[in-house]
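[1] only geometry, no sequence info:
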């Protein structure tokens, strides 16, 4: 049991967090709970503390919408929160689509698709930034928050919480896309929300730290990492993961038998090493 916890502790905590958030949203809709009301774009905690998606607000700004005070406060709260813990922590700890894409990634490994020779990723991870820019341009031209109308994240959230729309179909489509077409296709290559939070994540305090002295180059971390390009320092030098594209999912920490990876506060590991 202890080994199981050590190997999956962050994964268990992530699933608990993601499912709990959905249950709280569902409870607010079905039974009037006030712990978490609204949706992933705009919420209130205990009907007091506003939380608003900065990316959705940015689209509204480009669309020419007036910003209410509650919305601006919610944006500020969410921005500060994700600046501290890592922008893309939203992707791995909150977003319901993550459970679908993680399952697709797990299935790919189990059936050996990643070991097929000659199979290369046919797309750049920078696509998400182009989609992000396009969504803002379309918001400006159409006068609406463009991505929010077609967002699979919103569709899945509505499907689970409110029982409406094509949420379940969207989950199946994304699962099959990630499984057979493009590894980590939606979250790792296309999703503009992930791209936006990557930009915030560049400034976050909580980082994954690599200790090169402990590393035996087993590469288990890179095999499970949904953004394995951020682990470029593995086996080379002791460095924190500074890329905002890291989701802070901690799967690399869990699978590392060498204790070569751990969470740290930005620059703290460097100060400890130099004795500052």
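    Happy to help now that I have it. Quick caveat: nothing in here was measured; it's all calculated off a predicted structure.
[2] For the stretch 51-200 of the chain, which segments count as helices?
    Assigned by DSSP state H, counting those that start in this stretch, the stretch 51-200 of the chain shows helices spanning 54-63, 69-85, 89-93, 97-110, 127-142, 146-150, 152-161, 167-176, 185, 192-201.
[3] lowest-confidence stretch among these?
    Lowest mean pLDDT of these: helix 152-161, a mean of 86.
[4] Based on its surroundings, how many neighbours for residue 157?
    22 (other Cβ atoms under 10 Å). Quick note: C-beta positions are derived from backbone N, CA and C, even for glycine.
[5] Torsion angles phi and psi at the residue lying closest to it once chain neighbours are set aside?
    Ranked by Cβ to Cβ, 6 or more residues apart in numbering and with sequence neighbours excluded, the top spatial neighbour of residue 157 is residue 40, at 5.4 Å. Per-residue torsions, residue 40: phi -70, psi -20 (degrees, to the nearest 10).
[6] now residue 40: how far from residue 174?
    The gap separating residue 40 from residue 174 is 16 Å, by Cβ to Cβ, to the nearest Å.
[7] Same check on residue 134?
    Using Cβ to Cβ, we find residue 134 at a distance of 19 Å from residue 174.
[8] what do you get for residue 222?
    Note on residue 222: its distance to residue 174, by Cβ to Cβ, is 23 Å.
[9] So for the two, which sits in the more crowded spot?
    Remark: of residue 222 and residue 174, residue 174 carries more neighbours, 21 against 17, as counted by other Cβ under 10 Å.
[10] My guess is the more buried one contacts residue 186. True?
    Yes: counting by Cβ atoms under 8 Å, residue 186 is a contact partner of residue 174 at 5.0 Å.
[11] Going by neighbour count, list what's buried in stretch 202-220.
    204, 206, 207, 208, 209, 210, 211, 215, 220 (16 or more other Cβ atoms under 10 Å).
[12] What degree of burial does the nearest residue to residue 71 once chain neighbours are set aside show, as a neighbour count?
    Closest residue in space to residue 71, ignoring its immediate chain neighbours: residue 52 at 5.3 Å, by Cβ to Cβ, 6+ apart. Applying other Cβ under 10 Å, we find 26 other residues in the vicinity of residue 52.
[13] The one 10 residues further on now?
    Applying other Cβ under 10 Å, we find 20 residues neighbouring residue 62.
[14] what residues are up against it?
    136, 137, 139, 140 (Cβ atoms under 8 Å, 6 or more residues apart in numbering).
[15] I'd like to know which of those are buried.
    Among the contacts of residue 62, the ones that count as buried by 16+ other Cβ under 10 Å are 136, 139.
[16] quick one on the thing from earlier: next step: the buried residues of stretch 202-220 restricted to strands.
    Using DSSP state E, the members of those that fall within strands are 206, 207, 208, 209, 210.
[17] pretty sure the third one is touching residue 249, no?
    If I follow you right, that is residue 208. No: in this structure, residue 208 is not within contact of residue 249 by Cβ under 8 Å, at 9.5 Å.
[18] Need the overlap of contacts for those two.
    Joint contacts of residue 208 and residue 249 (Cβ under 8 Å, 6+ apart) do not exist.
[19] Report the central residue of this structure.
    When Cα atoms, centre = their mean is applied to the chain, the residue found nearest the centroid is residue 91 (1.5 Å).
[20] Quick one: the helices of the stretch 51-200 of the chain as CSV, columns for distance to residue 238 too.
    Listed next are these as CSV, based on distance: least, Cβ to Cβ, whole Å:
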stretch, distance to residue 238
helix 54-63, 33
helix 69-85, 23
helix 89-93, 23
helix 97-110, 27
helix 127-142, 29
helix 146-150, 38
helix 152-161, 36
helix 167-176, 36
helix 185, 32
helix 192-201, 21
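[21] Tell me which residues of the longest helix along the chain come out buried.
    For the chain, the longest helix by residue count, based on DSSP state H, is helix 2-31. Residues of helix 2-31 classed as buried by neighbour count (16+ other Cβ under 10 Å): 10, 11, 14, 18, 21, 22, 24, 25, 26, 27, 28.
[22] what does whichever helix or strand comes after that helix rub up against?
    Once helix 2-31 ends, the next helix or strand along the chain (criterion: DSSP states H and E) is strand 36-38. Residues outside strand 36-38 that contact it (Cβ under 8 Å, 6+ apart): 21, 24, 25, 28, 43, 44, 45, 47.
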